[in-house]
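J.: The following comprises the amino acid sequence and a computationally predicted model.
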Amino acid sequence: MKRFLPFLAAMCLLAACKGGAPLLPSVSGKAGEVLVVMEKAQWDDALGAATRELLATECPYLAISEPLYTLVNIAPGAFGDLFKVHRNIVLFNLSPAVDSTCVYYRKDMWAQPQCVVQLNAPDGDAALALLSEAGENILGAIEQAERDRVIRNTLLYEEASIYAAVAPVFGGSPHFPSGYKLRKLTDDFAWIADDKQHTMQDVLIYRYPSSGESDFDKEAILRHRNEMARANVPGMYDNTWMTTSESFPVTVSYLSYRGRKFVQTRGYWEVENDYMGGPFVSHSFYSPDGKFIIVAEAFVYSPKYDKRQYLRQVESLLYSWEWKKNE
């Protein structure tokens with residue numbers, strides 16, 4: 001397999017106090033929102049533009065443009081207790097007195113579960129260089145925090161019957177919150193869905209035999225995906241089925257997350273002979289014995305509403321994959 005890239009190299013520092021952890025309030029703010037603490041003059045200048053380019057870039061594979069995160073700017077002088085409990089905070093500490101240009105990643109500093117990223121620099125130019133250098137890690141830390149919140153709530157309100165049904169078939173399964181239902185289960189395919197009147201947040205799990213060196217080539221991944229979808233995911237009408245859109249580029253990344261290596265595939269699905277479509281993301285990885293490729297895929301359909309948060313929620317479930325423990 002190709003070399004795997006490290007995923008989310010940023011490390012969060014645990015906030016603690018002598019004699020035990022403090023009791024913290026719950027975070028505020030909407031999911032997908034980031035509070036940026038920065039002087040307005042800098043927000044309107046190059047530093048603010050670079051911050052927006054990093055955190056509010058266009059979210060990929062959405063039919064209508066949406067930013068990756070919704071940014072709220074506040075000046076340091078107004079950053080009081082009301083704002084310190086926000087879920088995601090990027091704090092620019094710019095002062096000539098700063099003698100070390102660096103980035104700090106802190107977890108649960110003023111609230112929980114919270115992600116705080118602090119950039120220390122003597123001036124705007126130094127902060128701009130630091131942002132460019134550490135941008136990928138900053139983005140990764142926020143993405144990890146958003147994902148962990150979804151998984152945390154999933155485990156609190158889990159529909160445990162789904163894991164109990166799926167894990168024996170595939171050797172493991174993601175965890176699913178209440179509202180999800182097992183729509184289909186065979187010896188090599190599972191469809192778990194949270195479908196409402198105007199939205200679909202679904203997960204497909206399937207497997208096929210490993211063939212060797214080309215298991216994780218993009219062409220092999222998409223060939224098996226299209227075969228699986230045609231056989232198992234019909235459209236609303238006769239002679240319609242899910243397939244991979246050729247109108248959008250498909251990207252493949254080699255990642256490692258908490259000891260599990262997988263190939264991430266992002267693209268756009270559509271229904272053959274119909275007009276439905278939306279974004280999907282999948283994780284492909286070996287079964288423990290190496291005999292099968294297992295794929296866990298999240299997809300969204302939401303023609304009436306913004307899709308960014310729906311996709312982030314269901315994609316996060318893929319990261320909750322847990323191998324079944326031997327009994």
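T.: Received the coordinates, thanks. Note that the coordinates shown come from a computational prediction; the quantities given were computed from them, not determined experimentally.
J.: Where does the prediction get shaky in the stretch 51-200 of the chain?
T.: Scanning the stretch 51-200 of the chain for pLDDT under 70 picks out no residues.
J.: change it to 80
T.: 63 (pLDDT under 80).
J.: what about the helices in it?
T.: Taking DSSP state H, counting those that start in this stretch, the helices of the stretch 51-200 of the chain run over residues 81-84, 124-156, 160-170.
J.: Turn those into TSV, columns for distance to Asp274.
T.: To be clear about C-beta, it is placed using only N, CA and C from the backbone, and glycine gets the same treatment. Output for these, formatted as TSV (distance: least, CB to CB, whole Å):
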stretch	distance to Asp274
helix 81-84	46
helix 124-156	30
helix 160-170	28
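J.: Quick one: the ones you listed as JSON lines, columns for distance to Glu272 and mean neighbour count too.
T.: Below are the helices of the stretch 51-200 of the chain laid out as JSON lines (distance: least, CB to CB, whole Å; neighbours: other CB atoms under 10 Å):
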{"stretch": "helix 81-84", "distance to Glu272": "49", "mean neighbour count": "13"}
{"stretch": "helix 124-156", "distance to Glu272": "31", "mean neighbour count": "17"}
{"stretch": "helix 160-170", "distance to Glu272": "27", "mean neighbour count": "16"}
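J.: between these, which gets nearest to Gln313?
T.: Using CB to CB as the measure, helix 124-156 is the one of the helices of the stretch 51-200 of the chain that comes nearest Gln313, at 5.5 Å.
J.: Counting by contacts, list what the closest one packs against.
T.: helix 46-55, strand 88-94, strand 102-107, strand 115-121, helix 308-318 (3 or more CB pairs under 8 Å, 6 or more residues apart in numbering; DSSP states H and E).
J.: Name the residues of the first one that are buried.
T.: What that stands for is helix 46-55. Neighbour-count burial for helix 46-55, counted by 16 or more other CB atoms under 10 Å, picks out Leu47, Gly48, Ala50, Thr51, Arg52, Leu54, Leu55.
J.: Now do the same contact list for the third one.
T.: Neighbouring residues of Ala50 by CB atoms under 8 Å, 6 or more residues apart in numbering: Leu128, Leu131, Ser132.
J.: which one is the second one nearest to, not counting chain neighbours?
T.: Spatial nearest neighbour of Leu131, chain neighbours left out: Ala50 (5.5 Å); criterion: CB to CB, 6 or more residues apart in numbering.
J.: just the last one next, same as before
T.: With CB to CB, 6+ apart as the criterion, Ser132 has its nearest non-adjacent residue at 7.0 Å, and that residue is Ala50.
J.: between the buried residues of helix 46-55, which is closest to Ala75?
T.: Gly48 (11.8 Å).
J.: list the contacts for that closest one?
T.: Gly48 neighbours (CB under 8 Å, 6+ apart): Val36, Met38, Gln42, Asn73.
J.: coming back round to it: format the helices and strands packed on helix 124-156 as JSON lines; extra columns: distance to Pro168.
T.: Listed next are those as JSON lines, based on distance: least, CB to CB, whole Å:
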{"stretch": "helix 46-55", "distance to Pro168": "41"}
{"stretch": "strand 88-94", "distance to Pro168": "38"}
{"stretch": "strand 102-107", "distance to Pro168": "35"}
{"stretch": "strand 115-121", "distance to Pro168": "36"}
{"stretch": "helix 308-318", "distance to Pro168": "19"}
